[in-house]
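Asker: okay, predicted coordinates and the sequence, questions at the end:
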Amino acid sequence: MTGLSYYATELTGKRLEILREMVPSISAVGVLANPAVAYLPFEEDTKRAAATLGIRVSLHQVPTAADRDDAFKAMTAEHLDAVFVLPTCCLAPRQRTSPNWRSTTACR
């Protein structure tokens with residue numbers, strides 16, 4: 001059996017490197033994080049990778065899907081170059097696949 005984990009924390013730095021390769025002029029990135037998964041090392045890995053790449057990080061906690069708009073307003077005011085979304089089901093797009101679909105994520 002094989003599989004893929006959405007929570008592959010070791011890939012966080014690589015994702016930021018790929019973003020930098022796509023847009024080499026990036027100097028400041030807004031990071032959306034879900035405090036419900038703060039026990040995973042996403043935030044620290046992102047900060048460490050950003051420091052190595054010379055990218056300033058502005059971390060925004062998004063505890064619920066309803067908090068996304070406020071986070072984007074704040075990041076817009078900060079004039080950040082990009083948004084980097086840490087893996088979490090709360091911030092992932094959701095698509096209803098059946099009338100019985102229920103969210104089982106940590107977001108409310």
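Answerer: Good, I have the coordinates. This one's a predicted model, so the numbers in the text were calculated from it and none came from an experiment. Numbers count the residues shown, from 1 in each chain.
Asker: what about stretch 71-78, average pLDDT?
Answerer: Mean pLDDT, stretch 71-78: 93.
Asker: then stretch 24-42?
Answerer: For stretch 24-42, the per-residue pLDDT averages 89.
Asker: surely residue 60 and residue 31 touch.
Answerer: Yes: Residue 60 is within contact range of residue 31, at 6.6 Å (criterion: Cβ atoms under 8 Å). The way it works is simple: take the backbone N, C-alpha and C, and place the C-beta from them, glycine included.
Asker: which of the two has more neighbours?
Answerer: Using other Cβ atoms under 10 Å as the criterion, residue 60 and residue 31 rank with residue 31 on top: 25 against 18.
Asker: surely that one touches residue 61?
Answerer: No: assessed by Cβ under 8 Å, residue 31 is found out of contact with residue 61, at 9.6 Å.
Asker: for residue 68, give its distance to residue 87.
Answerer: 15 Å (Cβ to Cβ, to the nearest Å).
Asker: who has more neighbours, the two?
Answerer: Remark: of residue 68 and residue 87, residue 87 carries more neighbours, 20 against 15, as counted by other Cβ under 10 Å.
Asker: so the more buried one, which of the three states?
Answerer: The three-state assignment at residue 87 reads coil, by DSSP: H, G, I helix; E, B strand; the rest coil.
Asker: so what pLDDT did it get?
Answerer: At residue 87, the pLDDT value in this model is 78.
Asker: many thanks, we can stop here.
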